[in-house]
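# model the following, please.
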Amino acid sequence: MSKPFEPNPIPAPTLEPGLEHFWDEAKEGRLAIKQCQSCGKVHYYPRTLCPFCLGDTQWKQASGKGTVYTYSVMQRGNPNPYCIAYVTLEEGVTMMTQIVDCDLDQVHIGQAVEVVFKPTDGDDTPPVPMFKPV
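You can find the predicted model right below:
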């Protein structure tokens, strides 16, 4: 029996200081990550200082393409099943997210995915990046 994706309400994100650029880019349909100006490594979750060498970081636009590293379909306690996953972006960073807009029984490790931005609850709140199969 297949498990089609049915959207659940998405709470508005917490708009923390220093992440304004991330959410502004999300409003424009672009995924932003951080890159260290010293060692050149990219990372997600965005931080002011590089988690590898403590160097200063700058924003970089990500391709929005990646592959499913691992996932779990959550079925209990919610009327609509959903798929939580770690997606490894082409840039090399892995982010926790949801897989949406697909038959959840078809999700698999190594699957190619691309970013989509889903609206959140609340007035004038930015959309949240999630991924759908390519």
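# in a strand, Pro126, correct?
No - looking at Pro126 with DSSP: H, G, I helix; E, B strand; the rest coil, it is coil, so not inside a strand.
# using the three-state scheme, assign the closest residue to Asp105 other than its chain neighbours.
Distances taken as C-beta to C-beta, 6 or more residues apart in numbering place Ser2 nearest to Asp105, at 4.8 Å, with adjacent residues excluded. The C-beta positions use only the backbone N, C-alpha and C, and glycine is treated the same way. Of the three states, Ser2 takes coil under three-state DSSP.
# what distance do you get for Ser2 to Val73?
11 Å (C-beta to C-beta, to the nearest Å).
# joint contacts of the two?
Residues touching both Ser2 and Val73 (C-beta atoms under 8 Å, 6 or more residues apart in numbering): Leu104, Asp105.
# quick one, which of the two is more surrounded?
More crowded of Ser2 and Val73, by other C-beta atoms under 10 Å: Val73, with 14 against 8.
# starting at the chain centroid, how far to the helix or strand hosting the more buried one?
Val73 is part of strand 65-74 when elements are defined by DSSP states H and E. Centroid separation for strand 65-74 versus its chain: 11 Å, with C-alpha atoms, centre = their mean, to the nearest Å.
# next, the buried residues of that strand.
Neighbour counts over strand 65-74 (16 or more other C-beta atoms under 10 Å) mark Lys65, Gly66, Thr67, Val68, Tyr71 as buried.
# over to stretch 83-99?
Residues 83, 85-89, 91, 93-95, 97-99 are the ones in stretch 83-99 that count as buried (16+ other C-beta under 10 Å).
# which residues touch it?
Contacts for stretch 83-99 (C-beta under 8 Å, 6+ apart): 5, 31, 33, 42-45, 60, 62-74, 82, 100, 104, 107, 113, 129-133.
# please redo it, this time with the cut-off set to 7 Å
If you take C-beta atoms under 7 Å, 6 or more residues apart in numbering as the criterion, stretch 83-99 is touched by 33, 42-44, 62-63, 65-74, 82, 104, 107, 113, 129-132.
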